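Trainee: Sequence first, predicted coordinates after that:
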Amino acid sequence: MARFLKSRQKAKGMSPGSLIFIGKQKMDKSRIRLIQYNNENLKETELKTIDKSLSVPENQVTWINIDGIHNTALIEKTGEIFAISPLTLENILNTGQRPKYWEDEKHIIIILKALYFDQETYTSDTEQISFVLGKNYLITFQEKVGDHFDPIRERIRKNVGRLRTSGADYLLFALMDTIVDNYLINIEQLGQAIENFENELSNPHKGVADQIFHFKKEITYIRKNIRPLKEVMTRFIKSDSELLSEKTHRFLLELDDLSTQTLEAIDIYYTMVADQLNIFNTNVSNGVNDVMKVLTVFASIFIPLTFIAGIYGTNFDYLPELHYQYSYYVMWGIMILIAISMLVYFKRKKWF
């Protein structure tokens, strides 16, 4: 499966709103976690399924987290219970969806990408996370069980900060803030590797070129998945939905600043990798010029000698080795010795 685009072969020819999972299944069985809380009470449990008996109290925030969106029957049932439109569910099931924001009569829907980065291989991966905000409840859809939201769960359990005294809209902000913070952490790790690699540019060889292209591919992949975040935040801040309180709106402005910082960091490292590639190409060209300079000196010395030998040859009556029995083999030995010596010299100069 392509990394930058997900195959839509299954959805080909299907009507809009068809619930088809597009992507790679990342876990065997879906998991449903429920947290309901207010300033005084907390209920945390794991559900086997979602049905109409699930209550959403008005005096509490209900957070439903669904891991494993490959289960289209579960997603469809969730949509029926919470009146989520089929088009919204279709977008949630399409893991190749770009980050986006939209609203309907009852919900605010946001799709983002969570970022993973392997510091050993310098490779990145993403997971699609969808948010559906309704009155007093928030539903999050993840491709697999992850640890992105564990700090938020701990804050809810320990009643730290504003979460237990705020609404579902503030919970949405807190979860998005965690994702954006993770962007910066992972970009910093990749950026550190890119900056440290600058020392290798003075010794250009194929391995350096391969590493630069790897960095360029990874930073492009991250940029592709994160860049629409600015558009999401712009529309989110401008929203006049009744689901957003004025208090939460102020925090969204801070999140927007953090998003801008993230995108600026991405652009900086994208430009840095491009500059490294230019420096590498310049160093390679300079190395070729140095090689040509030395070869030109060799050629300049032997051209007049070859010219004289070519015109006059060795037409002398008395040659020291003319009748020497092993002259032919001595000549071959000298020629081979010269060739090997030049190859060793070129190898030490790292010209090949």
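Mentor: The structure has been received and is ready for your questions. Please read these numbers as outputs of a predicted model, since none were measured by experiment.

Trainee: What residues does the nearest residue to Trp102 once chain neighbours are set aside make contact with?
Mentor: With sequence-adjacent residues excluded and distances taken as C-beta to C-beta, 6 or more residues apart in numbering, Trp102 is closest to Ile109, at 5.5 Å. Heads up, the C-betas are built off the backbone N, CA and C, glycines and all. The contact partners of Ile109, taken as C-beta atoms under 8 Å, 6 or more residues apart in numbering, are 88, 91, 101-103, 130-133.

Trainee: which residue ranges form the strands in the stretch 151-300 of the chain?
Mentor: Taking DSSP state E, counting those that start in this stretch, the stretch 151-300 of the chain contains no strands at all.

Trainee: returning to what we had before: now the host helix or strand of the residue nearest to Trp102: buried residues?
Mentor: Under the assignment given by DSSP states H and E, the secondary-structure element containing Ile109 is strand 108-118. Under the neighbour-count criterion of 16 or more other C-beta atoms under 10 Å, strand 108-118 has 108-115, 117 buried.

Trainee: Could you do stretch 63-73 as well?
Mentor: Along stretch 63-73, the positions that meet the burial threshold by neighbour count (16+ other C-beta under 10 Å) are 63-71.

Trainee: And for the spatially most central residue of the chain, nearest residue in space, chain neighbours not counted?
Mentor: For the chain, the residue sitting closest to the mean C-alpha position, by C-alpha atoms, centre = their mean, is Ile222 at 3.0 Å. If the residues on either side of it in the chain are set aside, Ile222 comes closest to Ser124, at 5.5 Å by C-beta to C-beta, 6+ apart.

Trainee: Any figure for the gap between the one you found and Val273?
Mentor: Applying C-beta to C-beta, to the nearest Å, one obtains 14 Å for the distance of Ser124 from Val273.

Trainee: could you point out which element follows the helix or strand where Trp63 lies?
Mentor: Using DSSP H and E, Trp63 maps to strand 61-67. Sequence-wise, the next helix or strand beyond strand 61-67 is helix 72-81, with elements assigned using DSSP H and E.

Trainee: Which strands or helices does that next one pack on?
Mentor: Using 3 or more C-beta pairs under 8 Å, 6 or more residues apart in numbering; DSSP states H and E as the contact criterion, the neighbours of helix 72-81 among helices and strands are strand 61-67, helix 86-93.

Trainee: Report the buried residues of it.
Mentor: In helix 72-81, the ones that count as buried by 16+ other C-beta under 10 Å are 74-75, 78-79.

Trainee: Now render those as JSON lines, adding distance to Ile35 and pLDDT.
Mentor: Rendered in JSON lines, the data for the buried residues of helix 72-81 read as follows (distance: C-beta to C-beta, whole Å; pLDDT from 0 to 100):
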{"residue": "Leu74", "distance to Ile35": "18", "pLDDT": "93"}
{"residue": "Ile75", "distance to Ile35": "20", "pLDDT": "92"}
{"residue": "Thr78", "distance to Ile35": "16", "pLDDT": "93"}
{"residue": "Gly79", "distance to Ile35": "21", "pLDDT": "92"}
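
Trainee: Now for these: which two are most distant?
Mentor: The distance between the two most remote of those (C-beta to C-beta) is 9.7 Å, for Leu74 and Gly79.

Trainee: is it fair to say Ile32 lies in a helix?
Mentor: No. Using DSSP: H, G, I helix; E, B strand; the rest coil, the secondary structure at Ile32 is strand, not a helix.

Trainee: For the one helix or strand Phe346 maps to, C-alpha coordinates in CSV please.
Mentor: Secondary structure here is read from DSSP H and E; on that basis Phe346 sits in helix 327-348. What follows is helix 327-348 as a C-alpha-only set of coordinates in CSV (Å, rounded to 0.1, in the frame of the first residue of the first chain):
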residue,chain,number,x,y,z
SER,A,327,63.1,-6.4,-21.8
TYR,A,328,59.5,-7.3,-22.8
TYR,A,329,58.6,-8.5,-19.4
VAL,A,330,60.3,-5.6,-17.7
MET,A,331,58.2,-3.3,-19.8
TRP,A,332,55.0,-5.0,-18.8
GLY,A,333,56.1,-5.0,-15.2
ILE,A,334,56.7,-1.2,-15.3
MET,A,335,53.4,-0.6,-17.0
ILE,A,336,51.4,-2.7,-14.5
LEU,A,337,53.3,-1.0,-11.6
ILE,A,338,52.4,2.4,-12.9
ALA,A,339,48.7,1.4,-13.3
ILE,A,340,48.5,0.0,-9.8
SER,A,341,50.3,2.9,-8.2
MET,A,342,47.9,5.3,-9.9
LEU,A,343,44.9,3.3,-8.8
VAL,A,344,46.2,3.2,-5.2
TYR,A,345,46.8,7.0,-5.3
PHE,A,346,43.3,7.7,-6.7
LYS,A,347,41.7,5.4,-4.0
ARG,A,348,43.5,7.2,-1.2
